[in-house]
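J.: Below are the sequence and a predicted model for it; my questions follow.
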Amino acid sequence: MSGEDIILMWRFPPPQDGHDLRTFNVFLNLGQVMQALHLYKFLTISGVAESVTTFERWNIIARRWEIAGEIHWVNKFNGQVQFGIHTLQLQEIRKRNDQRSKSRGFMAYGSEYKWKIVDEGNDLVCVDSYEQTVANWTQETLELRVVSRSTGTGENGSAEEIKHV
């Protein structure tokens, strides 16, 4: 992965606050010179029959928070995600190709991706259909590093540049 990678940092409220783990903030790491930019807020209202997580994104141009969507939870792990007019089932986002598999696949922008556990630990790697790494999740630091570009093999067997973000 290169210096152009996007690094997103997950930050949770202190555990003594008794918060729901589905409530957190996401920051963009701007490097050592600048501070991190607060990009997303996830707030979960729990304790009712159906919990709801509302997530907001920071609009840099308008300089205000805007609602990006909601997650309607059936339980702590399943529900549906609503992005504007689009609704997805969480089960569809994290499908298994094989019931014995520990990896989870998903489609985005017409391409297939898969999350895999790294060395039987808590860290994850996301690969595309060419088995090229496009993202890494590090549990210890709660960071997601997304590759800006990678090289894959095209339909004719030649190398081609793939833009991921």
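T.: Nice, thanks for sending it over. Numbers count the residues shown, from 1 in each chain.
J.: Mark out where each domain of this protein begins and ends.
T.: For the chain, automatic domain parsing gives the domain ranges 1-90, 94-165.
J.: any chance of those domains in TSV, plus mean neighbour count?
T.: Placement of C-beta: from N, CA and C, glycine included. Formatted as TSV, the domains of the chain follow (neighbours: other Cβ atoms under 10 Å):
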stretch	mean neighbour count
domain 1-90	13
domain 94-165	13
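J.: Can you add mean pLDDT and give the ones you listed back as JSON lines?
T.: Output for the domains of the chain, formatted as JSON lines (pLDDT from 0 to 100):
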{"stretch": "domain 1-90", "mean pLDDT": "87"}
{"stretch": "domain 94-165", "mean pLDDT": "79"}
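J.: Beta-bridge partners for the residue nearest the centre of the chain, please?
T.: Centroid-nearest residue in the chain: Leu144, 7.5 Å away (criterion: Cα atoms, centre = their mean). Judged by DSSP bridges, the bridge partners of Leu144 are Leu8, Trp137.
J.: Arg57 now?
T.: Tyr40, Glu66.
J.: so who does it touch?
T.: 39-40, 65-66, 68 (Cβ atoms under 8 Å, 6 or more residues apart in numbering).
J.: cutoff 6 Å now
T.: Contact partners of Arg57, counting by Cβ atoms under 6 Å, 6 or more residues apart in numbering, are 40, 66, 68.
J.: doesn't Phe55 make contact with the last one?
T.: Yes. Using Cβ atoms under 6 Å, Ala68 and Phe55 qualify as a contacting pair, with a distance of 5.2 Å.
J.: With Phe83 as the reference, measure out to Ala36.
T.: Going from Ala36 to Phe83 by Cβ to Cβ, to the nearest Å gives 24 Å.
J.: er, Arg104 I mean
T.: 19 Å.
J.: Repeat that for Glu70.
T.: From Glu70 to Phe83 the distance is 9 Å (Cβ to Cβ).
J.: Look up phi and psi at Arg22.
T.: phi -90, psi 10 (degrees, to the nearest 10).
J.: still on that earlier bit, could you dump the contacts of Arg57 into CSV and include distance to Phe77?
T.: Output for these, formatted as CSV (distance: Cβ to Cβ, whole Å):
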residue, distance to Phe77
Tyr40, 20
Glu66, 27
Ala68, 21
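J.: Out of those residues, which is nearest to Thr138?
T.: Tyr40 (18.2 Å; Cβ to Cβ).
J.: That closest one contacts Val26, doesn't it?
T.: Yes. Counting by Cβ under 6 Å, Tyr40 touches Val26, with 4.0 Å between them.
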